[in-house]
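Engineer: Provided below for reference: sequence and predicted model.
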Amino acid sequence: MLEICCFSLESCLTAQKAGAYRVELCGGMFEGGTSPSAGLIKLARQNLTIKLYVMIRPRGGDFCYSDTEFDVMKEDIQTAKGLGADGVVFGLLNPDGSVDIPRTKELVDLAHPMKVTFHRAFDVCAEPFQALETIIELGCERILTSGQKNTVTDGIDLLKTLAEKADNRIEIMAGGGVTARNAAQLLEAGVHALHMTGKGIVNSQMEYRKPDVSMASAVLTNEFEMYEANFDNCKAVVDIITTKKYHL
């Protein structure tokens, strides 16, 4: 199965048209994904017939959250549930790099009957195999991981081992640099699903551009370029997954 990480309604529609099984809806692209607005969740649900999972992350940075941040996460889960999401995506860690068991359990219970993906917080936990067992026990549906590396290509050995140790008790979804060039290799390694943005650059419609003024506190990109899911990039991976299924 293919999940597309989307930051706009336009990208959601592209993902669906390309044949994705599921959308992970996020805000805050340049923070690695944060909780999207209620308006975006509502319109995505109204326009999608495929599965919709919502990111629950109050900020960028690490995954060790304060009490107030945790309260916000609970409210965001309730919002996603009320707007018809199929699932939510989150990850919480303790200062020592272990999974925050009590808080994760509270959020899993709160999310029910929605399903839960434990996201790439897994990639910065201290003990991946211990975390795997903990996340299974907590009742999560899947783990999104790059194999504790910056890209799935670098983390493929751990991805393969995680899939083996999971033994179909939980889904291992590879994400972080997934493209048509490495999709088949990842599937052969035994992962159960793939996650990608499939992004392409879309130029802003702005003609007048004020020089020397930035709306960002840190300029990470050209503010007159936007990233949207690219149909061809997404469809290429859907085709690889489909071909792989027929060959099994």
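Structural biologist: Thanks, I have it.

Engineer: do I have it right that Met226 meets Gln205?
Structural biologist: No - the criterion here is CB atoms under 8 Å, and Met226 misses it with Gln205 at 9.9 Å. Placement of C-beta: from N, CA and C, glycine included.

Engineer: by mean pLDDT, which helix or strand of this structure comes out lowest?
Structural biologist: strand 225-229 (a mean of 77; mean pLDDT, DSSP states H and E).

Engineer: remind me what that strand packs against, helices and strands.
Structural biologist: Here strand 225-229 touches helix 9-18, strand 199-203, going by 3 or more CB pairs under 8 Å, 6 or more residues apart in numbering; DSSP states H and E.

Engineer: ok, and for the first one, which residues are buried?
Structural biologist: Going back to what we said before, that points to helix 9-18. 9, 11-16, 18 (16 or more other CB atoms under 10 Å).

Engineer: go through the residues you listed and say which is closest to Glu171.
Structural biologist: Ala15 (18.7 Å; CB to CB).

Engineer: check which helix or strand covers the closest residue to the closest one other than its chain neighbours.
Structural biologist: Of all residues not flanking Ala15 in the chain, Ile4 sits nearest, at 3.6 Å (CB to CB, 6 or more residues apart in numbering). When elements are assigned from DSSP states H and E, Ile4 belongs to strand 2-6.

Engineer: now swap in Lys165 and tell me
Structural biologist: Assigned by DSSP H and E, Lys165 falls in helix 156-166.

Engineer: list the buried residues in the helix or strand just after that helix.
Structural biologist: Proceeding N to C from helix 156-166, the next assigned helix or strand is strand 171-175, under DSSP H and E. For strand 171-175, the neighbour count (16+ other CB under 10 Å) marks 171-175 as buried.

Engineer: keeping just the C-alphas, turn the helix or strand following strand 171-175 into PDB.
Structural biologist: Going down the chain from strand 171-175, the next helix or strand is helix 183-188, by DSSP H and E. In PDB, the C-alpha atoms belonging to helix 183-188 read as follows (Å, rounded to 0.1, in the frame of the first residue of the first chain):
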ATOM      1  CA  ALA A 183      10.300   1.200  -4.100                       C
ATOM      2  CA  ALA A 184      10.900  -2.300  -5.400                       C
ATOM      3  CA  GLN A 185      14.000  -2.800  -3.200                       C
ATOM      4  CA  LEU A 186      12.000  -1.800  -0.200                       C
ATOM      5  CA  LEU A 187       9.200  -4.100  -1.000                       C
ATOM      6  CA  GLU A 188      11.600  -6.900  -1.500                       C
END
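
Engineer: what helices and strands are in contact with whichever helix or strand comes after helix 183-188?
Structural biologist: Using DSSP H and E, the next helix or strand after helix 183-188 towards the C-terminus is strand 193-196. Packed against strand 193-196 by the contact rule (3+ CB pairs under 8 Å, 6+ apart) you find strand 2-6, strand 171-175, helix 183-188, helix 231-247.

Engineer: among these, which comes closest to Gly139?
Structural biologist: Proximity to Gly139 (CB to CB) singles out strand 171-175 among the helices and strands packed on strand 193-196, at 12.9 Å.

Engineer: gap between the closest one and the chain center?
Structural biologist: 10 Å (CA atoms, centre = their mean, to the nearest Å).

Engineer: report the angle between the axes of that strand and helix 156-166?
Structural biologist: Orientation check (axes from the mean of the first three to the mean of the last three CA atoms, to 10 degrees): strand 171-175 against helix 156-166 gives 170 degrees.

Engineer: packing partners for strand 171-175?
Structural biologist: If you count contacts as 3+ CB pairs under 8 Å, 6+ apart, strand 171-175 packs onto strand 2-6, strand 142-145, helix 156-166, strand 193-196.

Engineer: cool, thanks, signing off.
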